[in-house]
Every structure is written in structure tokens, then in C-alpha cells.
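S.K.: Whatever this is, show me its structure:
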Amino acid sequence: MVLAVMALGSSVAFCRPQAAPIVSNLSAPAGSPVHVSKEGPTVQLETKSGYKYGWVSEVLAPTEKKHGAVKFKLGLPPGKKLEDLSTVLFTIPPGGSAPLVAPKTCVALGVGLVSLSGVSGGRDWVLLASQGIAVVEHLLKKNPNLNFVFAGFSMGGFSAQHLGSRYLDRCRGLLLLGNYYLQPPLPKDRPVIMLVGELDMVLGYAEKSLKEQSDIGANIRLMTMPGGHGYGRAEDQGKALKAILATK
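M.R.: As a prediction, this is how the structure comes out:
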């Protein structure tokens, strides 16, 4: 390994470059069912002020229609295989392809990265979530012990929210990039972090979500980052991921 050398007075410091994930282009095989959104059970909620109401949930149900192969990128910490991992950060784009989020932080924490590639659906969060299900099921066949932090940018964030609810026993939390939370609260040990640009048009919705969700007991946090509507900087993504994984 080549080391960078930096003179500091009379001493010499050796700075090791941070490791990057080893990335492969893969796909979940064709044949997974296309899902549609249906009305689910009513969740009974109570605000901190004592107001009680029922929240009609949404669920994703399979149809007879089948997906083709669903492409994704898999990033692994150097020296690790998928079967070695306990957690992956799973990112859904608003159509098209998602970048690998917080790559160096994931490597440092021993977390894998998954990002959907070339997915169809555009602004259709249901179709995006359905393609996400196909990849999640494929990964669980390879590693039945795998857990997920579900992430999504913009419309992909709504898809990530539904995957979090669907795979609740596998979900360690949600990272919503340029997105805001709209679901019944997850259990306290599955935190939700909204990471939104200071100039993002979504920020007002995220602030409203923070207030409303906090009032009904959600473990939710709003973190801001420089810029507008986007995935943001890797260092901001990394801070949010660390906060999610630190939750017990």
C-alpha cells in the first residue's frame, strides 16, 4: 500500500488513505412479483397531549405480474463477502440509479452498501419499492441473517419507508435523503433520520413531519446539510448513518 507522507516540523506523519468499498454490478433474477399498494390495518395512535386516533396504514401486496431482472450495485468492505455481513445500507433512487451512500463510513463500520441501478418507475414510489423488494428477497436468500438500514432520495425515500415497515424485523432504521417521514411510527429502536438540504424545498415538509411525528412518539430526527435537493455530502450521510446504528 502506498502511504502519503506529510512533514510536521521535525517529525513525519504517515496518513493511510481511507479504504473504499469493493463494488460489483449484480441483479436479482427475473420472476419476482410486481406489488401494488393496498389499504392495511388501522394503527391506533395517541399524541403526547392525549388525543387518540386511528391511522390507516398502507401495505404492498403481490400481483400476478412479474418483474424482469432488477439491477443493483453491491459494495463490500475489503476482505468481506455478503455472507459475512450483518447489516447493509440499502438505497433507493427516485428512478434511475442511486449512488453508494456514505461509502467510507460503511467500510469503517463493516457495513455493506446496496444501491438500485437503472430501475423503472420514475416518480412511482410503489413500483420503486416493488423492485426494492425483489432485491431484498434476493439478498436474504444469500444471507438469511442480513439486516438493513433503508435509505432513499426524494420519491425513493417514500419507497424506503415502506420497505422499513415491511421488513420491520430486519430494519435497523431509515435514512431519508431530501425526503420526509409519512408513516406510523416505527419502534423506538428503529430510528428515522431525515437528512435535508438547507435550501431544499422539502425542508418545510420535513420540519412539519418532525413536529407531528415527535408528538406521536416517533424516534425521529431532522439533520440539515448544505445545498438544495440532493443526496448531499458523504460526510453528512456518514454522520446520519452512525447515529442510526448507535441506537440500541
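
S.K.: Beyond the helix ranked longest in the chain, next helix or strand please.
M.R.: The residue-count maximum for a helix in the chain (DSSP state H) belongs to helix 125-142. Per DSSP states H and E, the first helix or strand lying C-terminal to helix 125-142 is strand 147-153.

S.K.: Now that next one: average pLDDT?
M.R.: For strand 147-153, mean pLDDT rounds to 98.

S.K.: Which secondary structure elements does the helix or strand just after it sit against?
M.R.: Scanning forward in sequence from strand 147-153 by DSSP H and E, the next helix or strand is helix 155-166. Judged by 3 or more Cβ pairs under 8 Å, 6 or more residues apart in numbering; DSSP states H and E, the packing partners of helix 155-166 are strand 52-66, strand 87-92, helix 125-142, strand 147-153, strand 171-177. Where you see a C-beta, it was placed from the backbone N, CA and C, and this is true even at glycine.

S.K.: N25 falls within a strand, correct?
M.R.: Yes - remark: N25 belongs to a strand, assigned using DSSP: H, G, I helix; E, B strand; the rest coil.

S.K.: distance between the ends of stretch 41-58?
M.R.: 8 Å (Cα to Cα, to the nearest Å).

S.K.: Please enumerate residues in contact with that stretch?
M.R.: Outside stretch 41-58, the residues within contact range by Cβ atoms under 8 Å, 6 or more residues apart in numbering are 37-40, 162, 165, 183-185, 215-217.

S.K.: Now do P93 against Y180, distance only.
M.R.: Noted for P93: a distance of 17 Å to Y180, by Cβ to Cβ, to the nearest Å.

S.K.: what bits of this protein have low per-residue confidence?
M.R.: Applying pLDDT under 70 to the chain flags residues 1-18.

S.K.: Pick out the residue nearest the middle of it.
M.R.: A151 (1.4 Å; Cα atoms, centre = their mean).

S.K.: which parts of stretch 236-248 are buried?
M.R.: Under the neighbour-count criterion of 16 or more other Cβ atoms under 10 Å, stretch 236-248 has 236-241, 244-245 buried.

S.K.: Alpha carbons of that stretch, as PDB, please.
M.R.: Output in PDB follows, covering the C-alpha atoms of stretch 236-248 (Å, rounded to 0.1, in the frame of the first residue of the first chain):
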ATOM      1  CA  ASP A 236     -23.200  14.200   6.300                       C
ATOM      2  CA  GLN A 237     -24.500  10.800   5.200                       C
ATOM      3  CA  GLY A 238     -21.900   9.100   7.300                       C
ATOM      4  CA  LYS A 239     -22.900  11.100  10.400                       C
ATOM      5  CA  ALA A 240     -26.500  10.200  10.000                       C
ATOM      6  CA  LEU A 241     -25.700   6.500   9.500                       C
ATOM      7  CA  LYS A 242     -23.600   6.400  12.600                       C
ATOM      8  CA  ALA A 243     -26.500   8.000  14.600                       C
ATOM      9  CA  ILE A 244     -28.900   5.300  13.300                       C
ATOM     10  CA  LEU A 245     -26.500   2.400  14.100                       C
ATOM     11  CA  ALA A 246     -25.800   3.800  17.500                       C
ATOM     12  CA  THR A 247     -29.400   3.400  18.600                       C
ATOM     13  CA  LYS A 248     -30.000   0.500  20.900                       C
END
